[in-house]
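Asks: For reference, the sequence and a predicted model appear below.
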Amino acid sequence: MELSPTAKVILGFLGKGPRSGYEIKQSVEASTRFFWAASYGQIYPELRRLEAAGLVRGEAESVGARPRRVFHLTEAGMAALRAWLRGAPEVLELRHEGLLGAFFAGSLEPGERAGRFEALAEMHERRLADLEAVSDAIGSQDRHGSSYMVLQHGIAYQRWAANAGRQSARQLAAETSEEKED
C-alpha cells in the first residue's frame, strides 16, 4: 500500500503510542502543523483506509460517557512506518500563502509592494515567537532527540524567513523611492 501524506502523519503519531483520531489531530496542532498539517477531514477517512489495509487497529474505549476509538499500529503498520522513515523523502511541497501573495505583488501599486513583504516578515515573526515559546516550555530533559531538532530547524527557518521578508521590503521601498526621484 502506498502511504498518503496523511497516512504518514497518522502512522508517525501512532508509532509514539495509541491515540484516537481526535488525539492525532491535537498532536498535529501542537507540533507538525508548523510544517505538515492534517485536518479531521483527512485523518478520519485515512484511519479507516489504514485499518482496512491492516496497518492500524481501532478499539472502542470510553472516556466518561463519551465513546471513542483508539488506534494502535499493527506489526504491518510499524513495518510500513519504518520503511517510509528509512526511505529518501519524496515530496518537498511548501504551501505558503504569504509567498504566493508576494510572488504576485507586482499587481499592486509600486508603493504597496514593500508592505506585502513587511506583512510576510511579520507573519514569520509571529510564528517564530510561537516556536520559541514551545522551545522555552520544553524542560531541559526533553531537549534531545529528533523532535527537538525539528523544532530548532523551524525556529531557524522562521528567523531566516522574517529577515528575508524585511530585506525584500527594504529593497522594494528603495526601488520605489528611486522611481519617484526619476
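Replies: That came in fine, so what should we check first?

Asks: Setting aside sequence neighbours, what's the nearest residue to the spatially most central residue of the chain?
Replies: Among the residues of the chain, the one closest to the centroid is residue 35, at 2.2 Å (C-alpha atoms, centre = their mean). Setting aside the residues directly before and after it, residue 35 is nearest to residue 154 in space (C-beta to C-beta, 6 or more residues apart in numbering), at 6.5 Å. The way it works is simple: take the backbone N, C-alpha and C, and place the C-beta from them, glycine included.

Asks: Three-state assignment for that neighbour, please.
Replies: With DSSP: H, G, I helix; E, B strand; the rest coil as the basis, residue 154 sits in helix.

Asks: Correct me if wrong: it contacts residue 36.
Replies: No. Contact criterion C-beta atoms under 8 Å: residue 154 and residue 36 do not qualify, at 11.1 Å.

Asks: other SSEs contacting the lowest-mean-pLDDT helix or strand in the chain?
Replies: The weakest-scoring helix or strand in the chain, judged by mean pLDDT, DSSP states H and E, is helix 97-103 (a mean of 86). In this structure, helix 97-103 makes packing contacts with helix 110-137, judged by 3 or more C-beta pairs under 8 Å, 6 or more residues apart in numbering; DSSP states H and E.

Asks: from the middle of its chain, how far away would the helix it packs on be?
Replies: The chain centre lies 16 Å from the centre of helix 110-137; the measure is C-alpha atoms, centre = their mean, to the nearest Å.

Asks: do stretch 102-122 as well
Replies: 24 Å.

Asks: Now that stretch: buried residues?
Replies: Residues of stretch 102-122 classed as buried: 102, 105, 113, 114, 116, 117, 118, 119, 120, 121 (neighbour count, 16 or more other C-beta atoms under 10 Å).

Asks: Can I get the residues you listed in TSV including distance to residue 7?
Replies: Formatted as TSV, those follow (distance: C-beta to C-beta, whole Å):
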residue	distance to residue 7
102	32
105	36
113	41
114	42
116	36
117	36
118	39
119	35
120	32
121	35
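
Asks: Walk me through the domains of this protein.
Replies: What the record gives for the chain is the domain set 5-86, 97-181, from automatic domain parsing.

Asks: hmm, back to that, looking at residue 154 and residue 36, which one has more neighbours?
Replies: Counted by other C-beta atoms under 10 Å, residue 154 and residue 36 do not tie: residue 154 has more neighbours, with 20 against 15.

Asks: Would you map the helices across the protein?
Replies: Using DSSP state H, the helices found in the chain span residues 5-16, 21-30, 40-52, 75-86, 97-103, 110-137, 146-181.

Asks: helices or strands up against the second one?
Replies: Identification of packing neighbours for helix 21-30 by 3+ C-beta pairs under 8 Å, 6+ apart yields helix 5-16, helix 40-52, strand 66-73.
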